[in-house]
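Participant: Sharing a sequence plus its predicted fold:
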Amino acid sequence: MTPGPFVIKVGGSTLGSTDTTYADIAALARSGDVPVVVHGGGAEASRWLEAMGIPSRFERGLRVTDERVLPVVVAVFAGLVNKRIVAAVNAAGATAVGFSGADGRVLECRIADPSLGFVGEPVRVNPGPILALQQAGIVPVIGPIGAVPGEPADQLVNVNADTVAGNIAAALGARRLVFLTDVEGVRDAAGERIPRLDAARARSLIADGTISGGMIPKIEACLHALALGVEVQIVDGRRPGALQSLEGAGTLLVP
Ligand SMILES: Nc1ncnc2c1ncn2[C@@H]1O[C@H](COP(=O)(O)OP(=O)(O)O)[C@@H](O)[C@H]1O
Ligand SMILES: CC(=O)N[C@@H](CCC(=O)OP(=O)(O)O)C(=O)O
């Protein structure tokens, strides 16, 4: 069996830091190992919402997305952030094409929980557009908006970017999924990095509150992909060369 692709989730928390992520992504693509990039941008969306006088509210790491929030997150995730990453990867010497999970219905969703508003829970990944680009040597850059199929148009929904990455990695049979974030790894109750974290301990750290906020959907996405045989790691994306020296870095999820 051909080993699946390398999926890289770029956290909004590390976007814009002067790390080497885009050069590393472009170098992988040039070497013929074309990665699939999924990005967040939660912090950028919160800044735009604040500028518009709309407060941000999260529940278990998920943004409550009402009818005022939805157009802003679509504009920021499928537009601004996506195109900035495309521009940076192109400038680093590869060819990138950006789209969201609503394009080509790559990420079909249902409404996760009506109390969260327009938040999508993936039910199906249609990998065709991702594979077509990748096979053409083009880096797919995917923003965290999904589609709930409907008439007269699909409903656009906001999907946590870690959830998007976990589902896409699982659907592609990825060999590896790396989350670039703004901490050195998952921390235990004493604040120490956990180099290897198994599923049972991860669940208990969520239950006792040691893992909280944005780390909850990240760990849930990790466990989803891990169960399907993907090698999953959470590393510090602020560190130059993070993608070049993954051995022993951050937190490796283990069954
Ligand atoms: N146990 C934990 N270990 C590490 N980070 C944690 C933990 N619990 C909560 N967090 C928070 O999760 C954040 C990373 O998630 P998030 O803000 O969603 O980042 P990203 O934008 O990279 O997805 C960290 O900055 C940290 O504040
Ligand atoms: C439903 C939901 O929570 N969507 C996220 C999508 C962006 C995201 O996940 O960005 P990071 O990876 O930078 O955190 C949000 O609106 O913030």
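Facilitator: Everything's here; your move. Ligands and ions are numbered 1, 2, ... in the order given.
Participant: where's residue 129, which helix or strand?
Facilitator: Element membership for residue 129 (DSSP states H and E) is helix 128-135.
Participant: Restrict that helix to CA atoms and write it as CSV.
Facilitator: Extracted C-alpha coordinates of helix 128-135, given in CSV (Å, rounded to 0.1, in the frame of the first residue of the first chain):
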residue,chain,number,x,y,z
GLY,A,128,-11.3,14.2,-4.7
PRO,A,129,-10.1,17.9,-5.0
ILE,A,130,-7.4,17.3,-2.4
LEU,A,131,-6.0,14.3,-4.2
ALA,A,132,-6.2,15.9,-7.6
LEU,A,133,-4.1,18.9,-6.5
GLN,A,134,-1.7,16.7,-4.6
GLN,A,135,-1.2,14.4,-7.5
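Participant: Now do the closest residue to residue 121 other than its chain neighbours: how many residues are near it, please.
Facilitator: Closest residue in space to residue 121, ignoring its immediate chain neighbours: residue 112 at 3.9 Å, by C-beta to C-beta, 6 or more residues apart in numbering. Where you see a C-beta, it was placed from the backbone N, CA and C, and this is true even at glycine. For residue 112, the neighbour count with other C-beta atoms under 10 Å is 20.
Participant: I figured residue 112 hits residue 119, correct?
Facilitator: Yes. Counting by C-beta atoms under 8 Å, residue 112 does reach residue 119; the two are 4.6 Å apart.
Participant: and for those two, which residues touch both?
Facilitator: residue 62 (C-beta atoms under 8 Å, 6 or more residues apart in numbering).
Participant: by contact count, what packs against the helix holding residue 129?
Facilitator: strand 139-143, helix 161-172 (3 or more C-beta pairs under 8 Å, 6 or more residues apart in numbering; DSSP states H and E).
Participant: Now do it, average pLDDT.
Facilitator: For helix 128-135, mean pLDDT rounds to 97.
Participant: what angle do that helix and helix 161-172 make?
Facilitator: 80 degrees (axes from the mean of the first three to the mean of the last three C-alpha atoms, to 10 degrees).
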